[in-house]
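Peer 1: Predicted model and sequence below, questions to follow.
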Number of protein chains: 2
Amino acid sequence: MTTPGTSTKPHTPTTPDAPEAPAGLLAALDAYETALLANDLDALDAAFVDSPGTMRGDDRGLLVGHDAISAFRGARGGVATRSLTHVEVRPLTEDRALVVSVSRFAAGGQGLQTQLWRRDGEGDTDTGPRWRIEAAHVTGRPKAVDTTVWRAVGDPLVAPTAVGPLDGLTIAVKDLYAVPGQPVGAGNPTYLHEAPVETTAAPAVAALLAAGASIRGVARTDEFAYNLTGRNAHHGTPPNSAAPTRLPGGSSSGSASAVGLGMVEIGIGTDTAGSVRVPASYQGLWGLRTTHGTVSRDGLLPLAPSFDTVGWLTRSPEVLLAALDATVPPMPGPDDAVDATVLVVPEELVALVEPDTARAFTAFVETLDEPVATVRLRDLGIPAPRALQEQLRLVQAAEALAAHGPWIDAHPGALSAVVGDRFRAAGANDPDATADAVTALDAVRTTIRGALAGRTLLFPTVPGPAPLLDADARALERTRTATTAMTALASVGGLPAVSAPAMTVAGAPVGVCLVGGPDTDRALVIRAGRMLSDQPAPGLPTVSVVR
Amino acid sequence: MTTPGTSTKPHTPTTPDAPEAPAGLLAALDAYETALLANDLDALDAAFVDSPGTMRGDDRGLLVGHDAISAFRGARGGVATRSLTHVEVRPLTEDRALVVSVSRFAAGGQGLQTQLWRRDGEGDTDTGPRWRIEAAHVTGRPKAVDTTVWRAVGDPLVAPTAVGPLDGLTIAVKDLYAVPGQPVGAGNPTYLHEAPVETTAAPAVAALLAAGASIRGVARTDEFAYNLTGRNAHHGTPPNSAAPTRLPGGSSSGSASAVGLGMVEIGIGTDTAGSVRVPASYQGLWGLRTTHGTVSRDGLLPLAPSFDTVGWLTRSPEVLLAALDATVPPMPGPDDAVDATVLVVPEELVALVEPDTARAFTAFVETLDEPVATVRLRDLGIPAPRALQEQLRLVQAAEALAAHGPWIDAHPGALSAVVGDRFRAAGANDPDATADAVTALDAVRTTIRGALAGRTLLFPTVPGPAPLLDADARALERTRTATTAMTALASVGGLPAVSAPAMTVAGAPVGVCLVGGPDTDRALVIRAGRMLSDQPAPGLPTVSVVR
């Protein structure tokens, strides 16, 4: 042990460098703090070493590379006003120093920053600060609750009503279900404000409580569940637990993020056009959309009743199965039946995915030790994806308007632009086309169900990884269109669909989807679980050394 | 910009070091992770450089010095099971490297660690790892809510009932008050389980809601408020927001920590024997115990009604005054009266404090620009601190037993050891002495109140800084005894008391307390606010350089 030389000095603006700190370092720290508070993106970019090895991490994950850090900052929108109260400097070499600082926020609370600084050149007013950050680890001001994920949380918020197989597990309930003691907010503050406090749990919620689970909280949703991104203009965007620079997926966004972040074991969601499958795929989770009509939708705010289903998000197939079994008691028979089905990859759906995802999917299928056939949907008598998508779009729009149009009309300005536009577009659909789609739904559903007898479909859940946080509205609309072309088959068919975390594309998760005939929910989960248990375990850490 | 050499390799146990990582570093990282999961305190101590400049920080604050880190670990009790999934190594010199690692927790969620490692000697199996940590910044797995601070949280949990001067402010309500939609838990899970859901806010809570504030959540309390440490055997210990190695103070512990952490602006507490004043002092907050009987205690679970008072904790005197004014509309008169009172320091109370605190208090008094006289309580006709403390102890015990004895008897084993022992001790008090104390209370109160006419007392709120987190039960009992000797005067007198964050002792806050006559609450807050506004502003950061 050595006795280090220690100096503690006030940091004054006229002599910004305490004598022992390396020349220019504290001035660079000051300049960085100033740029942060001003959200001066150029200055912040310049404050970090322009290298693919540069790092920035916080409670949402680690970003590696100057570009990733810059993109994150562009989407963040500034930090809360803070000032440094305590700075510890550890000079390491002539050109490097570790700086650990404590910040106090104007709105209360403290934060902590650790930064590795590097001097690269002498610098002057033209070339900017000569000290730059190579690595930063940030702990922001503590929040009582992440309000992008949750509307209400408790320990527990609602206790179990009995002991059972879900003892000790916690659940996040999408803010569309009746939870005793809570209003239903539907992702819209105006709606929440008017909503009555519920006294009885929705049956889908009650089933889990009766199996021993407790409710941790009420989780955010896209407004009226009519979106797939997870971006909520009123409450912000929940974090994508698997890919910090990407959107979480929706509309069961809060439920998915709560599961991915490890805050609960089970997220209750809904899936109309993909609202469980999409966030499951985006966050590397297990998700099940149940067979339409199998789980009661009482106490659930509708979006489009012809497609609305109860679903769950979990981190493992075992817990997914447990949630299903607690809700739909297993019956003998169907499991064996589906185990005997042929696993088929529908060519038209794989054709819709992005090239990297298609490659990853091909590689995944090659690892399977069971026969997998490629089929054409048209050869099975199933309408083309675009036709199914249109069927879904028209009927969903009509039913969403029937469910919420009067409230929306009575509350001008209450909806966000994105979801408001969606409802307006729904109102502009051709009435004749809508009527045809409504009329045809039963027949199309029957056709699809018939075609799935003896078959289980396997395909990527969505076209690719989650869009980046800073994607613009137009890009997101394109993604939505590409996505519902893939999710429409199960929605229109009223079929169960499992999304399993099978692939990594561009460093982010993409799920594979299994779709089976009606009431094969349980068999699908078991089959997907077996399929992925054959995959190599995550094992030891990736080690990356940058000199 | 340079193009760094990058290598990404799996980290296998047989060849634990990727070629480019400095020799022995990854093995040291492995050994450290193993020691963490085993909570092997000796190995963890050895893993950190034994120097006063060594650092460890997380969301509860920054520890500087090997001793502080070691003490923290001793009180922590291990980390959740985790494994590293991603390790970034940045060799800086031959003997130093920065390691940033992402961990995945078995119970879900990810964490992030940044460590500066230093090689000090070659090392071998006898001398331990040659690489040691000089600085660590840790982000643990995300929690939906800090259940040591909160029982329930919402956005908001309860909305304001009107607009007013508290618009936009949020409150933490101690889990003794009726909050609509919530049961009262009183810091005990068995009690909570049986408690009915409240439908109406307690008047003290309703007053803030009517002034525009919203309820952020229900905050933890020591069991039945019958403790001053903040340590709750059922729910854990809320963090001390100002001194991470110390206890938060109680019994209004969650309310205080929520304010100190910046999660809310106002903490509603109760003060019977110091339960607002003590956590205010320990966490560097503003705290007001109101004049006994001034604020309605309807909807508040009693501890000892002769002493129970409503109180608030805030980060500023302005918000404290706003909370008071929203609850007790200001009347003309008393302010002026108290401004004319003489500020007096009671010799017997200052004699009870620890030497460092006495010195800090003397220094604080010297900064005041108003005359401060020293008085002897006995010259004012006020009983000695120990006599007041005994008066408080006996009557409080009798009333606490009357309030909760039947429930406790009916629920054997429901209480923690510490609070259970306190109730048992209460039952063992001499009945005659108790009867005498009850009989004498009114007269003593009248005497104290008379003695305070024209005077405002000024003294340290408590004997010293908060006890350390790892203090044992006996040490805490000594602290409690020393503390209530100082807090008893205002409790027995039924007097208002403000604790203001005026001192720093051993790096931790200690408050000064102003006690005035009945209904001088408002004047006390204003006077304390003026007193501290004359103190030097916190200003620029402390900079400490260790080479």
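Peer 2: Sure, I can see it.

Peer 1: going forward, measure contacts between C-alpha atoms and count neighbours the same way
Peer 2: Will do.

Peer 1: Write out the residues of the stretch 151-300 of chain A neighbouring chain B.
Peer 2: A:151-157, A:181-182, A:216, A:241, A:258-263 (CA under 8 Å from any CA of the partner chain).

Peer 1: can you rerun that using 6 Å?
Peer 2: Proximity of the stretch 151-300 of chain A to chain B (CA under 6 Å from any CA of the partner chain) is limited to residues A:151, A:152, A:153, A:154, A:155, A:181, A:261, A:262, A:263.

Peer 1: which one among the residues you listed gets closest to residue B:206?
Peer 2: Within those, the smallest distance to residue B:206 is 18.7 Å, found for residue A:181 (CA to CA).

Peer 1: can I assume that closest one sits in a helix?
Peer 2: No: membership of residue A:181 in a helix is not supported by DSSP: H, G, I helix; E, B strand; the rest coil, which gives coil.

Peer 1: ranges for the strands of the stretch 101-250 of chain A?
Peer 2: With DSSP state E, counting those that start in this stretch as the definition, the stretch 101-250 of chain A shows strands at residue ranges A:110-119, A:131-139, A:150-158, A:170-174, A:214-219.

Peer 1: Contacts for the shortest one, please.
Peer 2: Counting by CA atoms under 6 Å, 6 or more residues apart in numbering or on different chains, strand A:170-174 makes contact with A:213-219, A:255, A:264-269, all of which sit outside it.

Peer 1: cool, stretch A:362-380 as well?
Peer 2: Contacts of stretch A:362-380 from elsewhere in the structure, counted by CA under 6 Å, 6+ apart, are A:343, A:344, A:345, A:346, A:347, A:451.

Peer 1: Which among the residues you listed count as buried?
Peer 2: The neighbour-count criterion (16 or more other CA atoms under 10 Å in any protein chain shown) marks A:343, A:344, A:345, A:346, A:451 among those as buried.

Peer 1: The strands of the stretch 101-250 of chain A: which one's closest to residue B:323?
Peer 2: Distances from residue B:323 to each of the strands of the stretch 101-250 of chain A were compared by CA to CA, and the smallest falls on strand A:110-119, at 23.5 Å.

Peer 1: counting contacts, what elements does the closest one pack onto?
Peer 2: Strand A:110-119 is packed against strand A:96-105, strand A:131-139, with contacts defined by 3 or more CA pairs under 6 Å, 6 or more residues apart in numbering or on different chains; DSSP states H and E.

Peer 1: contacts for that strand?
Peer 2: By CA under 6 Å, 6+ apart, the residues outside strand A:110-119 that reach it are A:95-104, A:130-141.

Peer 1: Neighbouring strands of it in the sheet, and parallel or not?
Peer 2: Strands adjacent to strand A:110-119 in the sheet, as given by DSSP bridges, are strand A:96-105 (antiparallel), strand A:131-139 (antiparallel).

Peer 1: Quick check: residue A:483 vs chain B, distance?
Peer 2: Residue A:483 sits at a distance of 27 Å from chain B (criterion: CA to the nearest CA, to the nearest Å).

Peer 1: State whether that residue is indeed within a helix.
Peer 2: Yes: if the criterion is three-state DSSP, then residue A:483 is within a helix.

Peer 1: Make a markdown table out of the buried ones among the contacts of stretch A:362-380 and add distance to chain B and pLDDT.
Peer 2: A markdown table is the format used below for the buried ones among the contacts of stretch A:362-380 (distance: CA to the nearest CA, whole Å; pLDDT from 0 to 100):
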| residue | distance to chain B | pLDDT |
| --- | --- | --- |
| A:343 | 31 | 96 |
| A:344 | 33 | 98 |
| A:345 | 32 | 98 |
| A:346 | 34 | 98 |
| A:451 | 39 | 97 |
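
Peer 1: Just the ones of the residues you listed in helices?
Peer 2: Of the positions in the buried ones among the contacts of stretch A:362-380, residue A:451 sit in helices, assigned by DSSP state H.

Peer 1: quick one on the thing from earlier: could you identify the least confident member of the residues of the stretch 151-300 of chain A next to chain B?
Peer 2: Across those, the smallest pLDDT goes to residue A:181, namely 91.

Peer 1: Quick check: phi and psi at it.
Peer 2: Main-chain torsions, residue A:181, degrees, to the nearest 10: phi 90, psi 0.

Peer 1: which residues touch it?
Peer 2: Residue A:181 makes contact with A:197, A:198, A:199, B:181, according to CA under 6 Å, 6+ apart.

Peer 1: Quick check: end-to-end length of stretch A:83-101?
Peer 2: Using CA to CA, to the nearest Å, the end-to-end distance of stretch A:83-101 comes to 10 Å.

Peer 1: repeat for stretch A:58-72
Peer 2: Between the opening and closing residues of stretch A:58-72 we find a distance of 12 Å, counting by CA to CA.

Peer 1: Count the residues that sit near residue A:67.
Peer 2: For residue A:67, the neighbour count with other CA atoms under 10 Å in any protein chain shown is 15.

Peer 1: Let's verify it: helix, strand, or coil?
Peer 2: In the three-state summary, residue A:67 is assigned as helix, counting by three-state DSSP.

Peer 1: which residue sits closest to it, ignoring its sequence neighbours?
Peer 2: Distance criterion CA to CA, 6 or more residues apart in numbering or on different chains; nearest residue to residue A:67, sequence neighbours excluded, is residue A:52 at 7.5 Å.

Peer 1: For the stretch 351-500 of chain A, give the residue positioned nearest to chain B.
Peer 2: Checking the stretch 351-500 of chain A residue by residue against chain B with CA to the nearest CA singles out residue A:500 as nearest, at 16.6 Å.

Peer 1: quick one on the thing from earlier: looking at neighbours, which among the contacts of strand A:170-174 is most surrounded?
Peer 2: The residue in these with the most neighbours, by other CA under 10 Å, is residue A:255 (37 neighbours).

Peer 1: follow-up on the earlier one: and the strands of the stretch 101-250 of chain A: which comes nearest residue B:232?
Peer 2: Of all the strands of the stretch 101-250 of chain A, strand A:150-158 comes closest under CA to CA, at 14.6 Å.

Peer 1: Relative to the whole chain's centre, how far out is the closest one?
Peer 2: Strand A:150-158 sits 20 Å away from the centroid of its parent chain (CA atoms, centre = their mean, to the nearest Å).

Peer 1: Partner strands of it, with direction?
Peer 2: When sheet partners are counted by DSSP bridges, strand A:150-158 sits next to strand A:214-219 (antiparallel), strand B:150-158 (antiparallel).

Peer 1: Turn the ones you listed into JSON lines, including distance to residue A:69.
Peer 2: Putting these into JSON lines (distance: least, CA to CA, whole Å) gives the following:
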{"stretch": "strand A:214-219", "distance to residue A:69": "28"}
{"stretch": "strand B:150-158", "distance to residue A:69": "30"}
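
Peer 1: Can you say which of these is nearest to residue A:519?
Peer 2: Go through the strands paired with strand A:150-158 one by one with CA to CA and the one that ends up closest to residue A:519 is strand A:214-219, at 26.7 Å.

Peer 1: what does the closest one contact?
Peer 2: Counting by CA under 6 Å, 6+ apart, residues outside strand A:214-219 touching it are A:149-154, A:156-160, A:170-175, A:254-255.

Peer 1: right, and the helix or strand after it?
Peer 2: Later in the chain than strand A:214-219, the nearest helix or strand by DSSP states H and E is helix A:253-260.

Peer 1: So for that following helix, mean pLDDT?
Peer 2: Helix A:253-260 shows a mean pLDDT of 98 in the predicted model.

Peer 1: contact partners of that helix?
Peer 2: A:149, A:172, A:174, A:219, A:220, A:221, A:230, A:241, A:264, A:265, A:267.

Peer 1: Quick check: the last one touching residue A:312?
Peer 2: Yes: between residue A:267 and residue A:312 there is a contact at 5.4 Å, judged by CA atoms under 6 Å.
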